Every structure is written in C-alpha cells, then in structure tokens.
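>>> The sequence and its predicted three-dimensional model are supplied below.
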4 protein chains.
Amino acid sequence: MNTSSTLRPASLPEQDLAERFQTVRERTLDLVAPLSDADASAQSMVDASPAKWHLAHTTWFFEIFILRDHLEGYRLFNERWPFLFNSYYEAEGARQARSQRGLLTRPALGEVRRFREYVDQAVLTAIPFLAERCGELLELGLHHEEQHQELLLTDVKHLFSCNPLGPALWPMLPVSMVGDVADSGSAWREFSGGLVEVGTDGDAFAFDCEQPRHKHFLNPYALARRTVTNGEWIAFMEDGGYRNPALWLDEGWNWVKAEGIESPLYWRCEDDGHWMHFTLAGWQPVDSAAPVVHISLFEADAFAAWSSARLPTEQEWEHAAQGLDPDGGMQFDGEYEVGPRAASDPKGLSEMFGSVWEWTGSPYRPYPGFRAAKGAVGEYNGKFMSNQFVLKGGSFVTPRGHMRGSYRNFFQPEKRWQFTGLRLARDLT
Amino acid sequence: MNTSSTLRPASLPEQDLAERFQTVRERTLDLVAPLSDADASAQSMVDASPAKWHLAHTTWFFEIFILRDHLEGYRLFNERWPFLFNSYYEAEGARQARSQRGLLTRPALGEVRRFREYVDQAVLTAIPFLAERCGELLELGLHHEEQHQELLLTDVKHLFSCNPLGPALWPMLPVSMVGDVADSGSAWREFSGGLVEVGTDGDAFAFDCEQPRHKHFLNPYALARRTVTNGEWIAFMEDGGYRNPALWLDEGWNWVKAEGIESPLYWRCEDDGHWMHFTLAGWQPVDSAAPVVHISLFEADAFAAWSSARLPTEQEWEHAAQGLDPDGGMQFDGEYEVGPRAASDPKGLSEMFGSVWEWTGSPYRPYPGFRAAKGAVGEYNGKFMSNQFVLKGGSFVTPRGHMRGSYRNFFQPEKRWQFTGLRLARDLT
Amino acid sequence: MNTSSTLRPASLPEQDLAERFQTVRERTLDLVAPLSDADASAQSMVDASPAKWHLAHTTWFFEIFILRDHLEGYRLFNERWPFLFNSYYEAEGARQARSQRGLLTRPALGEVRRFREYVDQAVLTAIPFLAERCGELLELGLHHEEQHQELLLTDVKHLFSCNPLGPALWPMLPVSMVGDVADSGSAWREFSGGLVEVGTDGDAFAFDCEQPRHKHFLNPYALARRTVTNGEWIAFMEDGGYRNPALWLDEGWNWVKAEGIESPLYWRCEDDGHWMHFTLAGWQPVDSAAPVVHISLFEADAFAAWSSARLPTEQEWEHAAQGLDPDGGMQFDGEYEVGPRAASDPKGLSEMFGSVWEWTGSPYRPYPGFRAAKGAVGEYNGKFMSNQFVLKGGSFVTPRGHMRGSYRNFFQPEKRWQFTGLRLARDLT
Amino acid sequence: MNTSSTLRPASLPEQDLAERFQTVRERTLDLVAPLSDADASAQSMVDASPAKWHLAHTTWFFEIFILRDHLEGYRLFNERWPFLFNSYYEAEGARQARSQRGLLTRPALGEVRRFREYVDQAVLTAIPFLAERCGELLELGLHHEEQHQELLLTDVKHLFSCNPLGPALWPMLPVSMVGDVADSGSAWREFSGGLVEVGTDGDAFAFDCEQPRHKHFLNPYALARRTVTNGEWIAFMEDGGYRNPALWLDEGWNWVKAEGIESPLYWRCEDDGHWMHFTLAGWQPVDSAAPVVHISLFEADAFAAWSSARLPTEQEWEHAAQGLDPDGGMQFDGEYEVGPRAASDPKGLSEMFGSVWEWTGSPYRPYPGFRAAKGAVGEYNGKFMSNQFVLKGGSFVTPRGHMRGSYRNFFQPEKRWQFTGLRLARDLT
C-alpha cells in the first residue's frame, strides 16, 4: 500500500513532532514499568489485550504504515511479527486470533522493548522526511498509541481484578478520594439549540470519523452540570433499579438477567453493606461523591429513565462543550490517579473532559459526507459503525492533548470495562 | 392497568372502525386457511412464531388491553391463556418462553379460532363505547394485527423452507415474475435537502415512535429511482462481494464468515449455475429484474459500498417519499402474490411503497421529544431502540392502509427472513 | 445392500410372525390415537422425536431393510421420504437433521398413516417369502418398533410436560397409585457369584449386542429386593443429597450445578411442600411407595453412595434375573398405566421386569467376541458404545414379549426422560 | 480432616523416602528451568494448566494433606494461596476456577519457588515423624507430583504449539528419530486367557483405583508386538480413515465432523505432502517408524476397526504385561527426549512401558470391591469414573519408578494432548 500521494504533512512543526513522538512513546513504557513479564503477557478476556501486545501493536502500526510503506530500504525488525501484532486490518492479511493473544508468551517483554527501540530510532532518524511525506500518519500513530495507553490501563485493571489477591498497579495517592461536594444552584445548564454545527474541518488532527463538519438541528435541551455520582447510583440500586424491567431497553434487560448484573463492574458489597470497588490501587471503598464509572450504555440508559431524564445526543454534548478547554480538568500527564475525582465545580458544566467517558444516546454512524481514509488505515474507524454508541469527553486516564470536543469514542452497549460514566440530559419543551 | 384517562378516541367514524375491524380480523384467518394444525403450530427458529400463536397473540392484545382494561364485567376466554400468548410485555407478567412457542400443540387451532370469535363478538358489541373510551388502542390493535399478518407470512415461509419437500403456501399466479425492464433516463432522483420536517403529528394513526414531527437538516442527496434487483445482486456475487472484507462492516464480515453466507436467504444454486429461491409458492427461478429480497443490513451495506454508494438515512427516505401515495403500487388486499414485482416505472421514484422493505443506514433510536405510550403498550416500540436499523416503505405483503411515509420498521442488522431489500443513495456534494 | 446370504430365517412360525407383525403395528397406531396432527408433529428437545416421525421411521425401517433390499420389484411409497425418516444410518446416506424433525409439518399425519398401510400390505403379502429369506430382519424390525413405542411415549410425555396447560395423554386409571407396602424380612437377596455365564446364544431373538454368551467372574454380592421408592428419594433430597458434592461423580456434580437439578425430572414442589409430578395422565401427586423414575445415572449413583451401597453391574443383575419370568409383572399389553406400581411382593426379587429401567454401573461396551451385524443394520447398536450406561429390566410401558434377562438398554448418564430408576447392590465381602 | 488413624506408614525406609522426595521435587524444577515467568503463567486451554500452577499445586498437596493435617504447629506459607492452588477437592472448599488459572500472574514464579522451598524444608525436617504417621500420603504426594511432571510437559507443549513462532522447550537430541525397523516374525503375541488376576494388593505403592486385586475371566486373545506407527497411521489417513463413518463410534464421528479432525494433534501437512509435527523441540518431520502419538480414543478405535482388529481391554493388557520390567525401555530420568522412539525389538512385546500411553477399550470404572481413600484425598480418583477410558503403560516422559502393570491412567475419549497411542488386539476364537 502506498497512500502518500494523498497524505497531508504533519500539522506540527518537525521539532515538536519529534518531541511529541518521544513523549508519547515513553509514557507507554512508563505505564508497564510495574508489570512483570507474566503480567504483561496475560489476556483476561477477549475484549482485553496483554500489555505486551499493546506495546508491540502500537509499534507495529508505525513500522507498517509509516516505515514499511514510506521509508525506502527499511527492514522489518522481524518478518514473522506482523502476523502477531496486526489487530484487525484485513488489508494487512492473516493474524493471530484476537482471543489467543494471551498465548504469545514469546516474544518476551524484553524483546518487545527492543522492537520499540528499533522502530523509534528509525522514525526519529527519518522524521524530517516522514513529517513531510506522511506526517498525517505519524500523528495518527501517536493518537493511536494514546488510545492504547488508556486501553492498556483498562486491560491491566481487568486482569488484576480477576486475581483473588487483588494486586495494585499503582499506590493510592495521598489525596483523599472521599469527598462530599454540596450542589449549589440549578443542577442543569440550558441550551436553546437551533441549527448548529458539529464535527471538525480544521487543520488540527482529528480522526476521519469526526469529519466533515456539518449542520445539525437541535431542539432546546438541558445538560446536567456534573456526571452522575456513586451516591446517586447507590440510590438507584437501592430503589430496585436493576430489578425493574420498565426502566431498561429490551436488550439491556436480557443482559442484566443473563449476566446477573446487580451493580457497576468491579463493585462488591461487604458484609456490613458498604460497597468496595476494584481500582488501579486495588480494592478501595466507593466514594459516594465521585463519578460512577464502569457502567454499560444499558445501565446508563436505565438510570436516565429512572431519573425521568435521558442521555444526551452526541450533537447536544459537542455543542455544549464548545468553548470549554479540553486540557482543563484531570489530565493524564502528571501523577497517576486511580479513579475520577468528585466534581470540582458543579456550578458550570463540570468535568466535561478528563473525568469519565460519557455515554451518549447516539449510535456510532458515519457523519453526513463521511469518507474513510484511503488504504488499510481506512479500517481504523468506519467498519465499526454498527451496534456501538458514541462516548464523549475523555477519562482521568486519557492523556493530555488527546481530548477534544469533536472526539467520538465508541463501544458496544454492554461493555463496561472502560472508564465509562454518564451525564443526564432532558428536553426543554 | 387503566390508561383510559389519557386515551384518544378513534380517528375513524364508529361504523368505519367496525368494518375495518372485521376486514382485518378476517384477513388473518384467510392467511391461515391453507395450513394444517401441524403447520400452524410449528416454530422453525426463535425469531419466528407459529401461525397459531400469531392468531392467538393478536387476539390476546385486544382481550387484554381493550376488553379486560376497559370493558367492565368482561370475562377472559380462558384464564390460563394470557400466559401462553403474551409476547414481550413485562408489565403483563410471566409468559411462555419465546423459544418454546412451537411446543404449544394445545390449544388446537380450532380452539384458537373460537377464542377469536369470542373476542371479536365482544369487541363488535361494545364498539361504540370502546371507540370513544379507548379508540386509540383499538386502532393500535388493528395495526398490530396487520404487522402480524406480514410476520405470519414470513414465518410460514421460513418453516416451509426448512422442509425438504418444499411445500407451497399459495399457487404461483399466472402473471409471470420474469421481466426485463430497461432503465431509461437517469437512475437517480436528486434532492436539495436543507432544513426539512419528518415524523408525524397529525390525527391519523401512527405509532408512538413516529412522533413527534421535528426538524432535521439534510445535505443535498440523490436516491436511486428503483430498488436493487436480483440481477444486480448476482453481479455483486460474481464479483466476489461475499468474499471481500473491504466492503463490509466488521460485524457483518464476522457474520458472513461465521454463518458461511454466500447469497441472499432462500437462494440455492443449481448444478447448471442458475439460481432458484424459495418463495410462498415453493422453489422458483430467480427473476433478474425483480427486486432482491431477504438480505440483511450487513449485505445491503456491503452492496452499497461495492456500488460506490451508500444506504439512505431514514430522514432522506421519508423526505423523498413526501407526496407519494402509500396506497399505490402493490397492496396486500387482492390476489396473493409470492414476491415483489419488477419495477413498473423506473422513471420516477418507483415502488417506494409495497414492494420490499428498504434498509436505511439509520439506527432505530427515539425521535427528539419522543415519549413512549403510557402503560404496558408503552413497551410496544421504545424498548427495542438498540442495535436495530430502520426500514422504510413496506413490502408486497404489507396490507393496504398499513403503509405511510413516517412508518419506522426495524430489525437487527443480521436479520433477513423478512421481505427486506434496498435502494441506494449518494451525496450530491 | 443385500445381506440375505447371511441372514437367518425367522425364529417364529410364519403364521405367528404375521400375527405378531399386525399386533405390533396396530399397537403403535393405538398409541397415537389421542394425538392431534400438531401433537404428533412437534419435537420438544433434540433427544425426542415427534410421534409422527416414530410412526414413519419404524415403517421406513421395514421399507428399506426388508422390502427394498429383499423384495424384487418393490417400489418406494415416496422416493423423497427416506431422506426424512432415516434416523442415524450413515450407510443409508444423508438425512434430515435430528434437531429439525419437528419442522416436518408435511407429510401430514394422515399421509404417514397411508405410508404405514402401504408398507404393511407389502410385508403381509410377501411374508412367507420374507420370513424365509430375511426373517431375522423382520423380527428385528418388530423389536425396533417396540423400542420406538416406548420412546414415543417418553417423547410425548416430555412434549406435554412443556405445555403450561399440562395435557394428559391418558386418563388416570381408577386403581389408586398411592400405596404403602410395608417391607418384611431382609431387604437384600444374596448371591454367591463365581464364574457365571451372561449373554445369549440361543435361537430366540436378541440384539447383536447381547451376544455372544460368555463367562464372567463375580464376587459374592447382594441385590435389593425392590427398586428405590419415591419416599426414599424424598429422604435423600431432604438430607441434602443434591447439595453434597461428596456423593457425586465429578461429571454428575458439574451437571447438577449447571442445570440446577434439585429433584427427579417432572417433579414440582407445591407451596405446601408436597411433591407433584407430571405423568401420562397430567400432574399427579407423587406416591411415596412407588418406584422413583426419571432419574439420571448420576442421580442413581449419588443415591447409592448416600445409601452406602452401589449400583449393580449388568452381569450381577442378569445373573440374578436367571429363572425369573420376563413376562411377569407389569406388561404393556392391556390397560395403559401412567406410572410404575408400588412393589407387589418385596420378599423375592420384586419387579425385576416391567416396572422401571434399572441403571447399572456398567458402561455399554462390546461383549467379548462381539460382532456387529453386517450391512447398515450393523449401525443399530455397536456405534453407540461410548459414554452410555447399561439399563436392565424394562419399564411399565415396555411391551410384553420385548423384555428378557440379557437385554441391554443404554443411555447417556445425564439422560432422564426415559422411565429410569434404580435398584441397589452391595458387596458381600 | 485428620485421617491418620487409618494411614499406613511409608513403604520405603525413611532415608530412601527423603532422597526420593528431594529427587522428585528437584526434577519438577528442572523441567521449568527453560521457562520464563510468562511461559510459566499462561494457560492455553481449559484442560491445561500453567507450569507455575503445577509447581504450586503439587506443593499445596504436601502442605495441606501432610503438613497442615499432620504436623502440629505448622503455619501455612500464605493463607490466601490454598484458594489459588486447590485443583478439584470439594472437601477443601472454594477455589480459583479451572479456566482462570492463566490469570494468576501473581504470585510470580519466584514467589512460587520460595513456597516450594518453605514446604520442602518443613517436610524434610519432619520426615521421620511424617513417614510413620502418614507415610502413605507422602508417597501419594510424590506420585501425584510425578503425574504433574508429565502433565506439565504436555501443557507446555500445547502452549508452545499455539505460538506461531513455534518455540522449543528442549533442543533436539543428536540421536535421530528417523528409523525404519523391519518387522520380523509374527506381529502378534498370543495369550490363552482363562481366569486371571489383575489389580494390586501388595505393599508397594499403588493408587486406590488399582485395588483390590481380583479375578477376571479372559477369552484367548492376541496383542500386537509393538504399538501402531506413524507410517501405519499415514496409511490409514491415505485410505480415507477420517472420512469413513463406518469405522467410527457415533460420538467419535460427530467429534471428527464438528472439530474438522484430519490427522493426529500437532500434525501439519507441508506443501510437498510431507508431514511435520510439533514436538518439545519445535516443528520436526514425522518419523514413520516411531509410534503414533496424540490421538484420541475415538481415533484409536477407528484405526483398530480399519485394521480389522480392536483395542485391548485393560485386563488383557495388564495380564500380558506380567513379568515385564516397568523400568525397562524409555525412562524419564536421563536425557530429555522429545518423542517416543521407534520400537527397539518388535519380536517380544515391545515398549509396553515408557513409550506412549496405550488406549484400552475399557471404561474407567471401579474394580470389584473398590473403596475410595478416606477424606479429601478420596476425591483423587473415584469421582472421575464416568466417560473416561483406561490407558496403560506409560510414555517417554513418565518418570522412572512411576510405571507399573496395574497402573490405570484415564482420559476422556476425545482428549489427545497427552502422549497417547495404541496397540492392537484381537480375538483368538
């Protein structure tokens, strides 16, 4: 595949791009520092991948789509590895079955690190040339890696949650998670709607699915000033929310019954009736003031019905976020936190970015005029546009610089191992 | 449940309502006339229901939501039958498992006919009172029964297709299905889009999910003048459409591989390379000029990709259908046909109603401002609004009077035992 | 296939054979007399077959292995039906999938009756010739049909049990099922064992798997004088038998947990704590004195462990039954009973034949020197000799003349829709 | 649990026991020496366990059944670990699900090694006391560990076979596997049968299921002098053995079709038509003279049918093995070989011990008079006595001292990841 004729150069200056490349690549290594080779090789369910696989797959992305396709004379690190680390790109041929990634105990973690060094050096050496020739792909590769940073954390969390010893990835930070923020003023922020624009057309990086910018008509609506908290969720549970079919989508109710769902993922009720949940710091008490997290779209939708409200559409959310700084709030670039914090300022629209991914009621479908990227990277987004719902915002482990208002994250409605929460909406007419 | 306080009277005059009631109820009986007790009791897959069950369930709907809830002193035909014939209404309590409907060899078909007579007489006797008090529900019951008429036919077709003897429900009509209509002029009809209105607010009957009427912004677009034909589908197949992952949604591709899909449902290739398909008149040759039918959303979407086009959105389709007569074209009120006919007039927008249900690219989600009906009938539509796609138009076995532009039919994207086809769309910018 | 060169003539005189043929064939029709076409066409689970299928399959057996193979000029009733009614004979080619037998709503019950008449007339006309040429197969066909008579009843019982209306096949006989036989004397009958002979070598009919007669060494052992009763089973249940893994085979314990087994099949606990069970006469109270029935090998084995006893081996059982009259006890040739009776005489070895099939601890494997029959009928028994356990005796619906001491019935250890019970054994050393 | 009152002292002198303890325990560590922490932690299928788990489980066996139960004042290494490393002992309470053993990335391999040291020291310190008080259990623990040594190798082999890189556990020994031994003289060894004795009653260690010694009657029979070779298996394959249902047990044929079985496990056909197979030294050419291995009982039974022979019964095999030295042939105490060798001397009964486990046609059921051991260790064998077949002999990786004629290994008939082959038998009458 050679797609260079249609590729844009990078939107960043060459030096910034090199720095960003190093920063992003190093952060991934930082994340796996606490992991043993065994920790990094295990796969706890088919949705999750081993940390080692994330390390290698993100590297494969640069090696294949940038170095192999655009750098003449480049030699693959190992000719047999692309089979191992291709995720889902049909155009790149056969690959290790997704459910069998945890059986790749070889190559060892150390060998994968050497693969990263080999590719990093090749990229950095050629970065002026690559920035010009396929800069768009380089930026895509970095955003791809940032997505996998969050996935890596959700996957390690899931793996550790399956271990009866309940290991912690990180220590608990001294800052208490237990707060109790009193709401003040109205809980809702109102919007008049009308013919608005959503999506992106600008020069800054965005995935293909965020394009093109287009008009959309909105009725007047209101958004909750903050996301739903654990305390509110416990009220829902205590009111029989998980046992009342009238609140649920039909598929959701079947899922609740078939899976025996009674609380968010990772929650466990102690003998004294208090709730604990598994975090990146192991088992911790549930903080009633913090946003609820690890819920499915089905649960979010049922909670909204119980609240006589609804989920926002992705357009309502994006319109409301205009003017907010995606780099405000929690940002994954300093201390490693183990969960979202209680809302800092519930007077505005609080924590729209960097707290929890917020489920919307919008199925993930192409924007009007959508065109998938050319070549194998065209499989990045477009082919997943069925039976998925859009999430907006970003979580406490979404890296700084990765969030923006037009971002469209997506998962199937029953998934909940990601850092997913919700914010209510309602009609104003 | 007593919802009468909020119910509207019927939109039809009382006498018309009585006549319509009798017409609709009799048509259902006509449909099962060729069936034995065994034919009417079998269930060929979990998506399908026995014909006898359709007869009884539609009657249960009138008995429960109208007679029991609104007619004082009404006595159930049999107290144990509501358990058998409730479909999915959680508010109506426990019920026979959907997958076990084919085990209800008792009550016999004759007993179910008596049940229908008993309920019909009660409704007709009280129709002036009922039209006033819960006329809206009476009309809902009739539209509900019309939906089940089409379902009954699709389900019998599936059952008979499983029988190696290939029985026919109806004889083949003398009118040949084999035509060859030459297209003339442009294949596309263009629309300028803009801020349009869709949905219904009027007095005529409509399901809750078609409401409220609301504004929607459309880019300029074009719709194909006719639906895709069997001949075009064969070209897709011969070009390797079912073997090329680049054309498919990821879920669709997994479905193709897992199920070994190679053609529309009910198709079979003869030794000489010609295609036969199973119809309501048994095995018949495929007519290349007739619309393709029994395809999934996944197949429709892949065909559109292969055609460098896309599926229309439901709003595009509905906007284009404004001004067309839903009672034109094929109507299920005279002779019983066994498949859709070749397009009669491909110069306009041909066969928008009454040929095949047309897949759109729109997930079935609530309209802005949607409110589910009160009470158990509120479960009619709203709870199915996940992982389903909207279909528009109506098929050759949709009864006259049941179709309208705002109608939103819906099925999961892999389903294809319904009479489902497609019409292409494309952007004009 | 033509196997006549090796076939023995019938062991019965020609006239007796004709009479027996008519008697057996008529009894099958008697059994389905209370069934509607729908009742006779439904399949309630993959282990069961529709009554209509039993009627046709037993006829297919005569048509294929006798008329087609041995009667020159015979024409099949319908060339397409062998595909429908072959059960599992690979040598006879492709066939309707076992799980799809309930979808054969055509041919109708009446057509299947005509098939039976056609074949019966052909057999009876040619019986002198057939008795000489392939008499062995004619007798096999009759024993085959007798097996299907019992299967037909177990399958109808299962089907009716799935119907919430609980229909009855037969009325309850006036003879009360509720008895209370006091045991007298020792509960055990002792045998000294030694080198004994089991199996059959004689001239009377026997299946291939009962041959050849051979020596087997037995340690001294005792058999319970009667089978385990419902009352004893309730004691097992009340003592936590279904919740104590120490009593169960590992596979059995996994089965109990996975299926949520808490009682024999068809049992239901009323609000007042009394047990009801579904019978051929609908729901009836459990008679504590009657033999327990509808239990799996796993349950039988766990009960034996709880009783500090064990199941007998098939050789112990057969040796103990020598000298007993298989035609004594309950025989399925007069009134139709709906369950096994309480033991009539618990002083001897009571009800060894004609009460319930008795699980043994012997896996169903070939006897030393076993040779399967030649041709397709060689698939009758031998290929099922894995993961099945032998049952001895015969139940209250096993036809008179079908039981004998050497008979080896067999089912998988988790099956319990047959009329299966148990008798305890223990070592005497 | 305290079972000491009924326990026998060890059958070995105290000093020999200590030496044997150290030898066995060290051999297990030797086996995992080539493995990384990731290799040792992965689980490739539910039948297999991680190597680390084998290391810990065998240690748990000593800690629980010997140290905790018999050594006053013993403190568990870690109170939370018994949950992790109990395999299937219901009497020992809840435990990690079998299918989730590969998720135990903690404790790390190093911690498990420390666990072994801790337990080994406790055992060795107290060995005089323990040998007297529960010596029988100590010996059981060592035989248990020897079983797990072989399991560990089969499980690592399976894991490595799932890796497209095809890693080797051991290097290929310089001794060629490719031989071509010409048979000489009769291929069969004849036995006159009669009333023989099988099982063990002696003082030497044996599992409970090998007891008691008892009489069994055998007809005259013959055993093949050597096991079936790869060359013979290829002839079976080339003759359509995997496509001919007449050769197969019904369950076996369903398994072949459902799983798409076409050759022994680990075989792969090269483009040039030659066969390779995966070994403990990675992918190697198939040696036609070496015994076939990694076949199921179903395959063994079909091969025997194709050969107009049968599988031996376990009693025939054991009787024939009387007088042979179980410590002859291949023994797993020197160089580590990667597969069974071609028969050294096909004139006698060659390689009865130490080549491949030989499937018999005998279901694994209790011997007459069998009593399971008291306490939790009574779950060792008895509860598995359904749907398993007995294997005799021992493979090339069964440790020296672990094999004996009365040994009854057992697996389900479809399993083939163990080192399983076959030897033919036939009747002599």
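Alright, I've got the coordinates.

>>> Every contact and neighbour count from this point should use C-alpha atoms.
OK.

>>> what about stretch A:283-298, near chain D?
No - judged by C-alpha under 8 Å from any C-alpha of the partner chain, stretch A:283-298 makes no contact with chain D; its nearest approach is 15.7 Å.

>>> Next, the buried residues of that stretch.
Within stretch A:283-298, the residues that count as buried by 16 or more other C-alpha atoms under 10 Å in any protein chain shown are A:283, A:285-298.

>>> likewise stretch A:400-415?
A:400, A:402-415.

>>> Just the pLDDT for the residue lying closest to residue A:42 once chain neighbours are set aside.
Residue nearest to residue A:42 in three dimensions, not counting chain neighbours: residue A:102, with 4.8 Å by C-alpha to C-alpha, 6 or more residues apart in numbering or on different chains. With respect to pLDDT, residue A:102 has a value of 97.

>>> from memory residue A:301 sits against residue A:311, does it?
Yes - counting by C-alpha atoms under 8 Å, residue A:311 is a contact partner of residue A:301 at 6.6 Å.

>>> got the residue ranges for the helices in chain A?
For chain A, the helices defined by DSSP state H occupy A:14-32, A:37-41, A:51-62, A:69-70, A:81-85, A:109-125, A:127-161, A:230-238, A:250-259, A:297-306, A:314-321.

>>> Write out the residues of chain A neighbouring chain D.
A:36-39, A:41-44, A:80, A:84, A:102-106, A:108, A:159, A:162-165, A:167.

>>> Give me the buried subset of those residues.
Buried among the residues of chain A next to chain D by 16+ other C-alpha under 10 Å: A:37-39, A:41-44, A:84, A:102-106, A:108, A:159, A:162-165, A:167.

>>> ok, back up a step: ranking the helices of chain A by mean neighbour count, which comes first?
helix A:37-41 (a mean of 27; mean count of other C-alpha atoms under 10 Å in any protein chain shown).

>>> what about the stretch 51-200 of chain A, any weak spots by pLDDT?
Within the stretch 51-200 of chain A, the stretches with pLDDT under 70 are A:174-185.

>>> again, only this time at 50
Applying pLDDT under 50 to the stretch 51-200 of chain A flags residues A:176-182, A:184.

>>> quick one: residue A:428 from chain D, how far?
For residue A:428, the distance to chain D (C-alpha to the nearest C-alpha, to the nearest Å) stands at 49 Å.

>>> residues near that residue, how many?
13 (other C-alpha atoms under 10 Å in any protein chain shown).

>>> Near chain B, which residues of chain A are found?
A:90-91, A:195, A:215-217, A:219, A:245-246, A:248-251, A:362-363, A:365, A:368-369, A:382-388, A:427.

>>> which of those count as buried?
Buried among these (16+ other C-alpha under 10 Å): A:215-217, A:219, A:245-246, A:248-251, A:362-363, A:365, A:368-369, A:382-388, A:427.

>>> Among the residues you listed, which ones are in strands?
A:215, A:216, A:217, A:362, A:363, A:427 (DSSP state E).

>>> The first one pairs with what?
Assessed by DSSP bridges, residue A:215 has beta-bridge partners residue A:197.

>>> Now do the contacts for it.
A:195, A:196, A:197, A:198, B:217 (C-alpha atoms under 8 Å, 6 or more residues apart in numbering or on different chains).

>>> pretty sure residue A:398 is touching residue A:332, no?
Yes - checked against C-alpha under 8 Å, the pair residue A:398 and residue A:332 is within contact range at 5.7 Å.

>>> Neighbour count for those two, which is higher?
A side-by-side neighbour count of residue A:398 and residue A:332, using other C-alpha under 10 Å, places residue A:398 first with 26 against 19.

>>> ok, the nearest residue to residue A:423 once chain neighbours are set aside - contacts?
Leaving aside its sequence neighbours, residue A:423 sits nearest to residue A:227 (C-alpha to C-alpha, 6+ apart; 4.3 Å). Listed by C-alpha under 8 Å, 6+ apart, the contact partners of residue A:227 are A:291, A:292, A:350, A:351, A:421, A:422, A:423, A:424.
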